[in-house]
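Colleague: let me see the structure of the following:
(2 chains)
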Protein chains: 2
Amino acid sequence: MNKASICTIGDEILIGQIVDTNSSEISRALNGMGIQVTRMISIGDRHEAIVGQLGEELSRNDIVIVTGGLGPTKDDITKAALAELSGSRSYVENSEQKEIVVRILHSRGLDVLDINLQQAMVPDSCEVIPNRLGTAPIMAFHFPEERFGHKCSLYSLPGVPYEAVGMLPDVLADIKSRFNTSDIYHQTIMTYGMAESALAKKIEAWEDALPEDMHLAYLPNLLTGVRLRLSIYGGERESQERRISERFSELRQIIGDVIYAEEDTTIEAVIGILLKGSGRTLAAAESCTGGMISHMITSVPGASEYYLGSVTSYAVDIKNRILGVPLEVVEKYGIVSSQVAAAMAEGVRAALGSTYSVATTGWADSYGDEREPAGTVWVAVSGPSGTLTSRFNYKNSRKLNISRFAASALNELRKYIVADIK
Amino acid sequence: MNKASICTIGDEILIGQIVDTNSSEISRALNGMGIQVTRMISIGDRHEAIVGQLGEELSRNDIVIVTGGLGPTKDDITKAALAELSGSRSYVENSEQKEIVVRILHSRGLDVLDINLQQAMVPDSCEVIPNRLGTAPIMAFHFPEERFGHKCSLYSLPGVPYEAVGMLPDVLADIKSRFNTSDIYHQTIMTYGMAESALAKKIEAWEDALPEDMHLAYLPNLLTGVRLRLSIYGGERESQERRISERFSELRQIIGDVIYAEEDTTIEAVIGILLKGSGRTLAAAESCTGGMISHMITSVPGASEYYLGSVTSYAVDIKNRILGVPLEVVEKYGIVSSQVAAAMAEGVRAALGSTYSVATTGWADSYGDEREPAGTVWVAVSGPSGTLTSRFNYKNSRKLNISRFAASALNELRKYIVADIK
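Modeller: The predicted model follows:
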């Protein structure tokens, strides 16, 4: 199995001003083609550190993917380090990339500056994979066995996530043409509503009985719940996939009630699958979640087919005037209550004319009122089978509480729709 | 200056199923106290790899921060690796952490399982910093000079971001008590609306005249624009901060029109500062941005003081019925048009009764109509000075287009408010 290392270059990562999301995308892609990512590393914008670290990574791995350090501005020095590493003495212009640079800048109505044109200059030791999405070319350096003790390749990609991820298929195609890629088989089950440790306890006997060559991982996530991933390296695709699938059938008997999908997805995407082509529609009314539920629903491509819209009623007055929540209900039960959530859900469903609706009202901050403590949310789901409410309490920061409120609300909505369309 | 390395343990990161956000938070904090983060590294859940890599990091650094690999489930093996690395033969129970485990599980209404109690067991070679936010203790290992050639410390934190980041102050306090921490001075200027390369060209002469010991970094971000960070290592705080501030005064003369803040912040936070305590209020009407603007506005603590709410009008019918956008206007100018954006902004301002409003209508996907191409958004801002509209076009994926639409709309809103309250 080929080994790979993913290296990110840039002081902005080391000082913590940006989060590296490229490495995650790249490693997922490499894993999918059976290349084992042995490590990811971030280093700063210092020439010696870059040359030294990349040399070390090449000694230990077959493939090294580098992102970052290729922008037009002065703090980017990756190209010079790569020239030194590969023993290149001169730069050549890549005409294909130069054309792209000019075209992109023109399409944005910008002048073509000297610093932009310099981006098309590359060390003469590399092969260029033209970057159609940006101005910095992708450089591939292929090293003979003599250089690092084994045949190996280094690919340098720009740091901008849109370009790095967008151009990845071209890089993977080049890797595929040069290395024997083996296979890895994964399957993922998505669960929501049970904590990692409780889940582990419940499936302990099943997990202990897994064969030696299968690996189970628990991947908890606030928005999507605990993912369970079962994987096997190598072997024949069809039989290995069947083996995983058989184990998951057993698992379904044990924790079927918290499983919402048998592939890597999100609750809002599952809702989309349930509603698309059904003629049924959806609306939302948000208070404490402030638009996040609507944002998550509309992150799913094609959501306009079933999603009518939402009302964020941050002020009490808006709950009353736009959603028709009676002020007496607010007065009597409190703003964070089952009754207000239900009235919001019913109000938005009536106002927008949707089949289903979901609503939230809660205390996301560190304070509550005399009725409900900080971290409490009431969720209501309304539809043809009536209105159901549920209460959740989380003890996180404002930001995390908002996320967990939104995820819990979407999961209640999903359960309601599943039961309703049965 | 003390050097640090940040290591993340877990196959879930190497296979790309989760993005590491802890390292970024931790490095920002270490930098702030003058500790230089030399690298960040992610390795898998393999005993030998962990022992080997952490040994290497300790040889090269004064401080090593480890996150991840401490959960209750079976795929977590960090603790055993740390025991080996520190030559520990036995585990001891930490009574303080045990109490926390029991208290947390009870407060969540969960049973205390054996695997939970095992979390309070630690190698006898470590000092425990109790983790008040979760069940896994923070372990500190202090190595004498003989072990790695210099005095060094390793801190092992849980991987859950809420716990790792929340407990960081306790870890930093421990570091401060053991190491001589020097200082680094940063200042950040936030710009929005000018591309990185154009910005670099415009400030080239200023940048070239910077003294040797000052370092400028460009940090582009879709939601917050290009951040410019000027930093100096060491020296006396007051005079160094004055030197940076003088350089930034010069910069203000050159690019004052795109600067929206002189500290590390966001556009929505600046809007909050403009509106808090002013008695002025805000509402939003969203189409293509689907709730993201509202979500961003309500991510600012205290937003309820000035934010009334929003309407997400995904369906044309909702634009008409709730926001009062005339169907003839949609018919005549197209759904993505200056006129529809303006009618949405005016409609939501009237319906919710706010001082200001912002609205978006656009094509976020890869298709447009005969009037406007894919990637186009019309933004309208309405308030006491009338209604202003602007058009933007981006050529990214659906997801990125939505983000850039929302950021551009918030920036137009910010500019409007600044001009209005003058």
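
Colleague: by mean pLDDT, flag the weakest helix or strand of chain A.
Modeller: Taking mean pLDDT, DSSP states H and E as the measure, the helix or strand of chain A with the lowest value is strand A:215-221, at a mean of 82.

Colleague: what domains does the record give for chain A?
Modeller: Using automatic domain parsing, the domains assigned to chain A come out as A:3-178, A:184-261, A:267-420.

Colleague: close to chain B, is the second one?
Modeller: Think domain A:184-261. Yes: counting by C-beta under 8 Å from any C-beta of the partner chain, chain B is contacted by domain A:184-261 at A:186, A:195-198, A:200-201, A:207, A:215-221, A:227, A:229. Every residue, glycine included, has its C-beta placed from N, CA and C.

Colleague: between the two ends of that domain, how far is it?
Modeller: 21 Å (C-alpha to C-alpha, to the nearest Å).

Colleague: so how far is it off the chain centroid?
Modeller: Between the centre of domain A:184-261 and the centre of its chain there are 20 Å (C-alpha atoms, centre = their mean, to the nearest Å).

Colleague: go on, the longest one?
Modeller: On the basis of C-alpha atoms, centre = their mean, domain A:3-178 sits 22 Å off its chain's mean C-alpha point.

Colleague: look up how far chain B lies from the residue lying closest to A:Y356 once chain neighbours are set aside.
Modeller: Nearest non-adjacent residue to A:Y356, counting by C-beta to C-beta, 6 or more residues apart in numbering or on different chains: A:G383, 4.2 Å away. Distance of A:G383 to chain B, computed by C-beta to the nearest C-beta, to the nearest Å: 18 Å.

Colleague: what count of nearby residues applies to A:G383?
Modeller: 22 (other C-beta atoms under 10 Å in any protein chain shown).

Colleague: again, but for the one 4 residues further on
Modeller: One way to gauge burial is a neighbour count; for A:T387, by other C-beta under 10 Å, it gives 18.

Colleague: and the next element down the chain from the helix or strand where A:E48 lies?
Modeller: Secondary structure from DSSP states H and E places A:E48 in helix A:47-60. Where DSSP H and E defines the elements, the next helix or strand beyond helix A:47-60 is strand A:63-67.

Colleague: A:D420 against A:V381, yeah?
Modeller: No: the pair formed by A:D420 and A:V381 falls short of the contact definition of C-beta atoms under 8 Å, at 9.4 Å.

Colleague: of these two, which one has the most company?
Modeller: Higher neighbour count among A:D420 and A:V381: A:V381, with 27 against 16, using other C-beta under 10 Å.

Colleague: mind listing the helices for the stretch 51-200 of chain A?
Modeller: For the stretch 51-200 of chain A, helices defined by DSSP state H, counting those that start in this stretch occupy the ranges A:78-85, A:95-107, A:114-117, A:145-148, A:161-166, A:168-178, A:196-202.

Colleague: what comes up buried for the helix of greatest length in chain A?
Modeller: Using DSSP state H to define each element, chain A has its longest helix at helix A:398-420. By 16 or more other C-beta atoms under 10 Å in any protein chain shown, the buried positions in helix A:398-420 come out as A:398, A:400-417, A:420.

Colleague: next one: stretch A:229-246
Modeller: Applying a neighbour-count criterion of 16+ other C-beta under 10 Å, one finds A:R229, A:L230, A:S231, A:I232, A:Q240, A:R243, A:I244 buried in stretch A:229-246.

Colleague: out of those, who's nearest chain B?
Modeller: Among the buried residues of stretch A:229-246, A:R229 lies closest to chain B (C-beta to the nearest C-beta), at 6.9 Å.

Colleague: so the closest one, which state does it fall into?
Modeller: A:R229 carries the three-state label strand when classified by DSSP: H, G, I helix; E, B strand; the rest coil.

Colleague: could I get the pLDDT score of it?
Modeller: pLDDT, A:R229: 88.

Colleague: from memory it sits against A:Q187, does it?
Modeller: Yes: using C-beta under 8 Å, A:R229 is in contact with A:Q187, at 7.2 Å.

Colleague: quick check: the gap between the closest residue to A:A80 other than its chain neighbours and chain B.
Modeller: Nearest non-adjacent residue to A:A80, counting by C-beta to C-beta, 6+ apart: A:H47, 6.6 Å away. According to C-beta to the nearest C-beta, A:H47 stands 14 Å off from chain B.

Colleague: same check on A:V258?
Modeller: As judged by C-beta to the nearest C-beta, A:V258 and chain B stand 14 Å apart.

Colleague: got phi/psi on that residue?
Modeller: The phi/psi pair for A:V258 (degrees, to the nearest 10) reads phi -100, psi 0.

Colleague: I figured it was touching A:M194, is that so?
Modeller: Yes: between A:V258 and A:M194 there is a contact under C-beta under 8 Å: 4.8 Å.

Colleague: quick one, strands of the stretch 251-400 of chain A?
Modeller: For the stretch 251-400 of chain A, the strands defined by DSSP state E, counting those that start in this stretch cover A:259-261, A:282-286, A:307-313, A:356-362, A:376-383, A:386-393.

Colleague: okay, those in CSV with mean pLDDT next?
Modeller: CSV is the format used below for the strands of the stretch 251-400 of chain A (pLDDT from 0 to 100):
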stretch, mean pLDDT
strand A:259-261, 96
strand A:282-286, 98
strand A:307-313, 97
strand A:356-362, 98
strand A:376-383, 98
strand A:386-393, 97
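
Colleague: could you dump the ones you listed to TSV with distance to B:T376?
Modeller: Shown next, in TSV, are these (distance: least, C-beta to C-beta, whole Å):
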stretch	distance to B:T376
strand A:259-261	34
strand A:282-286	26
strand A:307-313	20
strand A:356-362	30
strand A:376-383	35
strand A:386-393	39
